[in-house]
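Asker: Please find the sequence and the predicted model below.
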Amino acid sequence: MSDQKTYDSERTTMWTNIDSKNLTDLSIFSAIYMSGGSAEKLLYHFNNGFGELLQRYFHHGGIIYGQSAGAIVLGKTIDTFQQLNDDLNGLNLISGFSMACHFQEDNGRNF
C-alpha cells in the first residue's frame, strides 16, 4: 500500500509515512501544510530525522505552515504555557518565538 495519496488534480499530497522522505521529496512542493492534533505526537514523529528535513526545506526557501499543533511545532518550544513535564523543543522556525494557538488571556503567560 502506498504511503502517498494525491487529491484535487494532483495538487495536494498527503503522506502517511515520513520515515524515508528526503529533501528531494519535499522540494517538489511549493509549500508544506501540517494539520492540528497533538504537538507532542508530531514532534515524536519528527525524531526520525523529518524535523531536521523540514528545517532544511525551510532554510532552502520552502514555505511551511500549520494549523493548531501544526503551527505550534514551528516555534522554539511546544511548551508555550510551561505546563508540560518535558522540555520539548519545536523546530524553531519563527525567529526564536513560540506559537500559542487557541490563546486565552487568562492562561497567565504573556508573549
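Answerer: That came through fine. Residues are numbered from 1 along each chain as shown.
Asker: So for residue 109, what's the pLDDT?
Answerer: As predicted, residue 109 sits at a pLDDT of 55.
Asker: Also residue 75?
Answerer: For residue 75, the pLDDT comes out at 93.
Asker: contacting residues around stretch 53-67?
Answerer: 21-23, 26-27, 29-36, 46, 71-74, 91-93 (Cβ atoms under 8 Å, 6 or more residues apart in numbering). C-beta coordinates here come from the backbone N, C-alpha and C atoms, glycine included.
Asker: Now residue 41: closest residue in space, sequence neighbours ignored.
Answerer: Distance criterion Cβ to Cβ, 6 or more residues apart in numbering; nearest residue to residue 41, sequence neighbours excluded, is residue 69 at 7.8 Å.
Asker: Buried among the contacts of stretch 53-67? Make that a PyMOL selection.
Answerer: Here is the PyMOL command that selects the buried residues among the contacts of stretch 53-67 (16 or more other Cβ atoms under 10 Å):
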select buried, resi 21+26+32+34+46+71+72+73+74+91+92+93
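Asker: quick one on the thing from earlier: does the residue nearest to residue 41 really touch residue 43, like I thought?
Answerer: No - at 9.3 Å, residue 69 does not count as touching residue 43 under the criterion of Cβ atoms under 8 Å.
Asker: Identify the contacts common to the two.
Answerer: residue 78.
Asker: How many neighbouring residues does residue 69 have?
Answerer: For residue 69, the tally of surrounding residues (other Cβ atoms under 10 Å) stands at 20.
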